[in-house]
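Participant: The following comprises the amino acid sequence and a computationally predicted model.
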Amino acid sequence: MADSSDAVQDAPPSEQVSRDDTTVTPATEESNDAETIEAGEQASVTSVPSDDTEVKKQEACSVMFEKIVDYVEGELTDTTANYELLKDLNVAATNEYSQMTSLAAKTNEEMAELRQKYEALQTNFSKIDDLTVAVEKLKAAAKQVDEYSKSLETKFRTLDRR
């Protein structure tokens with residue numbers, strides 16, 4: 001049995017071969033209908049592909065389509081898994097930011113409370129500062145009194161020795 005590619009090679013160059021490899025017809029435009037039919041009958045090569053070849057082509061196509069389906073399913077599965085991971089990450093980030101927000105709010109409340117306490121104690125701080133200044137002045141005055149008493153004592157001793 002001749003292969004369809006052999007039929008194409010045996011055909012003269014003025015003939016066109018159809019894509020399904022079943023017929024070969026002349027490509028002359030000047031010929032009338034009768035000549036076309038007659039030339040078509042003479043040059044027509046009906047090549048019936050063997051059943052094995054057709055089956056092999058169909059099997060190859062089936063395998064190819066199955067592999068394409070597997071590939072597309074794999075891509076979709078990966079994409080779905082990526083979106084699920086992103087969703088989980090977004091939920092985790094949302095929870096983390098929510099915790100940080102509540103912590104920041106709590107910190108702000110505590111800072112406001114501390115600020116109020118500081119303002120309430122501010123009058124006491126100024127009194128403490130005033131007391132510190134007064135104590136320093138008292139220390140200085142006590143030192144002067146001590147020095148003066150020492151000088152008086154030395155004078156008294158000198159007068160007493162005489």
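Facilitator: In hand now; what should we look at?
Participant: Tell me how many other residues crowd residue 57.
Facilitator: When neighbours are defined as other C-beta atoms under 10 Å, residue 57 has 11 of them. (Each C-beta comes from the backbone N, C-alpha and C, glycine too.)
Participant: before we move on, which element is it in?
Facilitator: helix 51-161 (DSSP states H and E).
Participant: So which elements touch that helix?
Facilitator: Contacting helix 51-161 under the criterion 3 or more C-beta pairs under 8 Å, 6 or more residues apart in numbering; DSSP states H and E is no other helix or strand.
Participant: model confidence over that helix, on average?
Facilitator: Across helix 51-161, pLDDT averages out at 94.
Participant: If you count neighbours, what's buried in stretch 58-76?
Facilitator: Within stretch 58-76, not a single residue qualifies as buried, counting by 16 or more other C-beta atoms under 10 Å.
Participant: what does stretch 87-106 give?
Facilitator: Of the residues in stretch 87-106, none is buried (16+ other C-beta under 10 Å).
Participant: In CSV, list the C-alpha atoms belonging to that stretch.
Facilitator: Coordinates of each C-alpha in stretch 87-106 appear next as CSV, following Å, rounded to 0.1, in the frame of the first residue of the first chain:
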residue,chain,number,x,y,z
LYS,A,87,-5.5,34.6,51.6
ASP,A,88,-3.9,32.9,54.7
LEU,A,89,-1.1,35.5,54.7
ASN,A,90,-3.7,38.3,54.5
VAL,A,91,-5.7,36.9,57.4
ALA,A,92,-2.5,36.5,59.4
ALA,A,93,-1.4,40.0,58.6
THR,A,94,-4.8,41.4,59.4
ASN,A,95,-4.8,39.6,62.8
GLU,A,96,-1.3,40.9,63.5
TYR,A,97,-2.2,44.5,62.5
SER,A,98,-5.3,44.2,64.6
GLN,A,99,-3.3,43.2,67.6
MET,A,100,-0.8,46.0,67.0
THR,A,101,-3.6,48.5,66.6
SER,A,102,-5.1,47.4,70.0
LEU,A,103,-1.7,47.5,71.6
ALA,A,104,-1.1,51.0,70.2
ALA,A,105,-4.5,52.2,71.4
LYS,A,106,-3.8,50.7,74.9
